[in-house]
Every structure is written in structure tokens, then in C-alpha cells.
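[1] Fold the stuff below for me.
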Amino acid sequence: MNAGVEWAIHCCVVLSSADGPVSAQRLAEFHGVSRTYLAKSLQSLSRAGIVETTEGRVGGYVLSRPADEVSVLAVVQAIEGREAAFRCTEIRQNGPFGASPEECVRPCGVATVMAAAERAWRASLREVTIADLAGQVAAETDEPTQVAVGRWLRP
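    I've put the predicted structure just below:
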């Protein structure tokens, strides 16, 4: 996965606790990342319907639905796409002892175990919401810091 996944998840967590829209510039500063690259992740989240933009002087990004309705998997898929992480290339058909296509009707052990891992990984990410992560962050952050962050994020 590319860094955009991490950035997008963190941005969604921040947006879930922000009092209003947060600009891409503010989100980039908050996380110490490139605004240009973060903007691409935010655009992907917007296309997926996870965030929406607001216009005007206090414009920026907001979650488009409650944080408990946004799974981590939805964010990952918005950034990375829905394709499987592992793509079988049928390497067993290559080389001097390569199998014929007729011998490769069923998936090999590698493809089978990777598909099972993919299903487990997706199921795990589907079960965790942005609200779950925000709750974890809140539990690990003292109240003065939470207040300071809230003030800092306001335009």
C-alpha cells in the first residue's frame, strides 16, 4: 500500500472529531506531509463519497457521513482501488519445467493461501470504523491536547 492510505485514514480520523471543515493545507500541516500528495488522497476520498468539500472562506473537507459508517476498508479501497493486493501471474507456467495451461485449471497453493489472507484482511478492515479509531485516539490523548488540536484545526 502506498503512503496515501495511511494519510487518508489519519485525515478521516481528524475530520471525524473536527468541529467543521478542515482545509487540505491544514490537514497537511497537521500531519507534516506534502499538501500536493495529500490533496490526491483527499480527491480519491471525495470521489468515493467518504469526504465532501465545502466552499468559501472557511471551506475545506468534512466526512460525508457519520464516522461509524465509514470502514477502514472503504478508505483503503478509495485510495488503492478494489483489486486484490495479490495478483497471480501463473508463474508455475514459466521456466524450463513450466506447467501447461491445462495443468493449471485450479489455483496453486500460493494463490489459495494469498486469497484466504486477502479475505481475512478485508474482513478485519471492514469491521473497524473511523469512529473506532477516533475513539482510540481520544482515549490515548489527554484532554488539554485534544482541546489544543480542536482549536488548531479551526480556520
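[2] all strands of the protein, in order?
    In the chain, the strands defined using DSSP state E lie at 51-54, 60-63.
[3] for the last one, packing partners?
    To tie it back to what came earlier, the one meant is strand 60-63. Judged by 3 or more CB pairs under 8 Å, 6 or more residues apart in numbering; DSSP states H and E, strand 60-63 is in contact with helix 3-17, helix 24-31, helix 35-47, strand 51-54. All C-beta spots, glycine's among them, are computed from the backbone N, C-alpha and C.
[4] Just the buried residues of the shortest one, please?
    Of the residues in strand 51-54, those with enough neighbours to count as buried (16 or more other CB atoms under 10 Å) are Val51.
[5] cool, the second one as well?
    Neighbour-count burial for helix 24-31, with 16+ other CB under 10 Å as criterion, is recorded at Ala24, Arg26, Leu27, Ala28, Phe30.
[6] on that earlier part again, any chance of the strands of the chain in JSON lines, plus mean pLDDT and distance to Trp121?
    Shown next, in JSON lines, are the strands of the chain (pLDDT from 0 to 100; distance: least, CB to CB, whole Å):
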{"stretch": "strand 51-54", "mean pLDDT": "93", "distance to Trp121": "24"}
{"stretch": "strand 60-63", "mean pLDDT": "94", "distance to Trp121": "24"}
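[7] what would those strands look like in JSON lines with distance to Val149?
    Putting those into JSON lines (distance: least, CB to CB, whole Å) gives the following:
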{"stretch": "strand 51-54", "distance to Val149": "19"}
{"stretch": "strand 60-63", "distance to Val149": "15"}
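[8] And the helices and strands packed on strand 60-63: which comes nearest Ala131?
    With CB to CB as the criterion, Ala131 lies closest to helix 3-17 of the helices and strands packed on strand 60-63, at 6.4 Å.
[9] Now for the residue nearest to Ser100 when sequence neighbours are not counted: which residues touch it?
    Sequence neighbours aside, Gln93 is the residue nearest to Ser100 in space, at 7.3 Å (criterion: CB to CB, 6 or more residues apart in numbering). By CB atoms under 8 Å, 6 or more residues apart in numbering, the contact list for Gln93 reads Ala99, Ser100, Pro101, Cys104.
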